[in-house]
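Peer 1: Fold the stuff below for me.
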Amino acid sequence: MIAASTGQKISNSVDLILDDRPIPRLIAFYLTQFHPTPENDLWWGKGFTEWTNVTKAEPLFEGHLQPHLPGDFGFYDLRVRETRRDQIKTAKQYGIDGFCYHYYWFSGKRILNLPLDDMLADPESDMPFCLCWANENWTRRWDAADHEVLIAQEYLPDDDLNFIKSIVPFFKDKRYIRLDGRPYLIVYRPQHLADAHKTVEIWRDYCRLIGLGEIHVCAALTHGNKDYTDGFDSGVEFPPHNLSSTNINNQLNFYNHFRGNIMQYAAIAQSYLDRTYSAARVFKTVFPSWDNTARAKERALVVINGVAENYEYWLASTIDIVKQSGRHDELIFINAWNEWAEGCHLEPDRWFGHGFLQATLNAKNGLRRFATFPETDLPKKDEASHRTFWKDIGSNVTYHAGLRLGNLKLAVNRRPWMRMVALLVIRMARAFREKAL
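Peer 2: Next up, the predicted model:
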């Protein structure tokens, strides 16, 4: 997220690519987290939404662009129809062809569903859409080695059938995205399905039985899953998952102890442009920027130079690659429309305004302004040092205290009875705090 103009890698003339090959549809992943829910009230405190984390983010080093704060739409509440309609209007204006909503389903229980259900009921929300089943546990990180599960994916015997029944109303909607005429569904963690082939076949059989016909089921390439198998029709990239780039932590000076990874946007994007797959069909994905400091703090993955110009080159190059496939019905995904706590959003913000949206439209319209990634410099150091005596003391205390605490947690995790006692104490402390509030 560092803006550093080199001015040396921009082509001398702006190229406009014109051909008669079909332009792939651009689909942006969409997060429905931005509204209060009973579950988040219980787990994180009354009134919690994704904005709670976003506003608390602080820069980790000189030139680090945090926090990410919204521009045009403000700190919106997705229960408000007018907000969602405004998002749709803006997305269409800048070349987005559809949203892919994350769908949270846990053995019949749904979470963060109000905006999605209201969209389905609102004919004026006239944006094509599809679903991505976010089939992973929700957890509360209580130390660096383990997690406390808040709600689990149980994969009960009837879940395969009940899940597909739950999304049939979405499949039947005229706005639902179809690929070669078939409703398109993504599974975020296909490797978590005990028998993925059986699960997908149950889904297919049910859709045929009720007259819906064939469906297209896509496996997300996440968490080490680098190919799709077991009955899926396709795969979809999900950057920054499955990274092959190395970090550049040693090239930066951090304000405090840092345990995450700093990477260059150009290195990650180029690695995705260069990827090939043995599988028959894998959909390409790009991201405008990535910086999950708001969620992970000192464990964050920060991708520097996540600026509109670099994103425009990645998206434009991806469009050109995909058009060469010759397929008449192609998709390219953008991660994401509004992942604010991961520093990953097309929506206007206070750093770049409409920059990422305009870059999307430029790339889609065939504008080719760059010969390569134009921004690759490290952040410029401020001559006025941020170091002070007390800040250095505090940083050292935090660092060594973290080491001691890490050793303690490791010892606890090696002894199951101690871990159970620790979790019990933590739950009791949280319950006492909630009653006190």
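Peer 1: and stretch 102-115, how far out from the chain's middle?
Peer 2: Stretch 102-115 has its average C-alpha position 17 Å from the chain's average C-alpha position, going by Cα atoms, centre = their mean, to the nearest Å.
Peer 1: Kindly report the same for stretch 209-218.
Peer 2: In terms of Cα atoms, centre = their mean, the gap separating the centre of stretch 209-218 from the centre of its chain is 27 Å.
Peer 1: Report all helices and strands that the longest strand along the chain contacts.
Peer 2: If you go by DSSP state E, the chain has its longest strand at strand 98-106. Under the contact criterion of 3 or more Cβ pairs under 8 Å, 6 or more residues apart in numbering; DSSP states H and E, the helices and strands touching strand 98-106 comprise strand 25-30, strand 109-111, helix 114-121, strand 129-133, helix 159-171. Using the backbone N, CA and C atoms, a C-beta is placed for each residue, glycine as well.
Peer 1: any idea of the angle that strand forms with strand 25-30?
Peer 2: Relative orientation of strand 98-106 with respect to strand 25-30: 40 degrees, computed using axes from the mean of the first three to the mean of the last three Cα atoms, to 10 degrees.
Peer 1: element containing Ala296, please.
Peer 2: In the assignment (DSSP states H and E), Ala296 maps to helix 293-296.
Peer 1: Which residues are in contact with the residue nearest to Val303 when sequence neighbours are not counted?
Peer 2: Of all residues beyond its chain neighbours, the one nearest Val303 is Trp290 (4.2 Å), with distances taken as Cβ to Cβ, 6 or more residues apart in numbering. With Cβ atoms under 8 Å, 6 or more residues apart in numbering as the criterion, the residues that contact Trp290 are Pro239, Pro240, Leu301, Val302, Val303, Gly306, Glu342, Gly343, Cys344.
Peer 1: On the three-state scheme, the fifth one is what?
Peer 2: Following DSSP: H, G, I helix; E, B strand; the rest coil, the label given to Val303 is strand.
Peer 1: quick one on the thing from earlier: now the contacts of Trp290 in JSON lines, with distance to Phe99 and neighbour count?
Peer 2: Putting these into JSON lines (distance: Cβ to Cβ, whole Å; neighbours: other Cβ atoms under 10 Å) gives the following:
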{"residue": "Pro239", "distance to Phe99": "18", "neighbour count": "23"}
{"residue": "Pro240", "distance to Phe99": "20", "neighbour count": "20"}
{"residue": "Leu301", "distance to Phe99": "24", "neighbour count": "19"}
{"residue": "Val302", "distance to Phe99": "26", "neighbour count": "28"}
{"residue": "Val303", "distance to Phe99": "23", "neighbour count": "29"}
{"residue": "Gly306", "distance to Phe99": "21", "neighbour count": "27"}
{"residue": "Glu342", "distance to Phe99": "17", "neighbour count": "26"}
{"residue": "Gly343", "distance to Phe99": "19", "neighbour count": "29"}
{"residue": "Cys344", "distance to Phe99": "15", "neighbour count": "25"}
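Peer 1: hang on, the earlier thing: now for the helices and strands packed on strand 98-106, which one comes closest to Gly45?
Peer 2: With distances scored as Cβ to Cβ, the stretch of those nearest to Gly45 is strand 109-111 (16.6 Å).
Peer 1: which secondary structure elements does that closest one contact?
Peer 2: Using 3+ Cβ pairs under 8 Å, 6+ apart, strand 109-111 sits against strand 98-106.
Peer 1: Extract the residue ranges of the chain that are flagged as low pLDDT.
Peer 2: Counting by pLDDT under 70, the chain shows low-confidence ranges at 1-19, 141-146, 381-392, 394-416, 419, 429-437.
Peer 1: how about a cut-off of 50?
Peer 2: Low-confidence segments of the chain, defined by pLDDT under 50: 1-13, 142-146, 383-385, 387, 399, 403.
Peer 1: Going along the chain, name the helices of the stretch 201-350 of the chain.
Peer 2: 265-273, 293-296, 308-323 (DSSP state H, counting those that start in this stretch).
Peer 1: any idea of the angle the last one forms with helix 265-273?
Peer 2: With the same axes, to 10 degrees as the criterion, the two stretches helix 308-323 and helix 265-273 enclose an angle of 10 degrees.
Peer 1: which parts of helix 308-323 are buried?
Peer 2: In terms of neighbour count (16 or more other Cβ atoms under 10 Å), helix 308-323 has its buried residues at 308-320, 322-323.
Peer 1: likewise stretch 244-256?
Peer 2: Ser245, Asn247, Leu252, Phe254, Tyr255, Asn256.
Peer 1: again, but for stretch 338-347
Peer 2: Counting neighbours by 16+ other Cβ under 10 Å, one finds that the buried residues in stretch 338-347 are Asn338, Glu339, Trp340, Ala341, Glu342, Gly343, Cys344, His345, Leu346, Glu347.
Peer 1: Leaving out the residues flanking it, which one is nearest to the third one?
Peer 2: Counting by Cβ to Cβ, 6+ apart, Val54 is the residue found nearest to Trp340 once chain neighbours are left out, at 4.8 Å.
Peer 1: Quick one, which of the helices and strands packed on strand 98-106 gets closest to Tyr265.
Peer 2: With Cβ to Cβ as the measure, strand 25-30 is the member of the helices and strands packed on strand 98-106 nearest Tyr265 (18.3 Å).
Peer 1: other SSEs contacting that closest one?
Peer 2: Packing partners of strand 25-30 (3+ Cβ pairs under 8 Å, 6+ apart): strand 98-106, strand 129-133, strand 331-334.
Peer 1: who's in contact with that strand?
Peer 2: Where contact means Cβ under 8 Å, 6+ apart, the residues beyond strand 25-30 that reach it are 91, 95-102, 128-130, 132, 177, 330-339, 346, 360, 364.
Peer 1: That one: what's the following helix or strand?
Peer 2: Per DSSP H and E, strand 25-30 leads on to helix 38-44 as the next helix or strand towards the C-terminus.
Peer 1: how distant is that following helix from the center of its chain?
Peer 2: 21 Å.
Peer 1: Now do the contacts for Tyr228.
Peer 2: Here Tyr228 is in contact with Pro190, Cys218, Ala219, Leu221, Ser234, Gly235, Ala279, Val282 (criterion: Cβ under 8 Å, 6+ apart).
Peer 1: Please apply the same query to Gln251.
Peer 2: By Cβ under 8 Å, 6+ apart, the neighbours of Gln251 are Ile262, Leu378.
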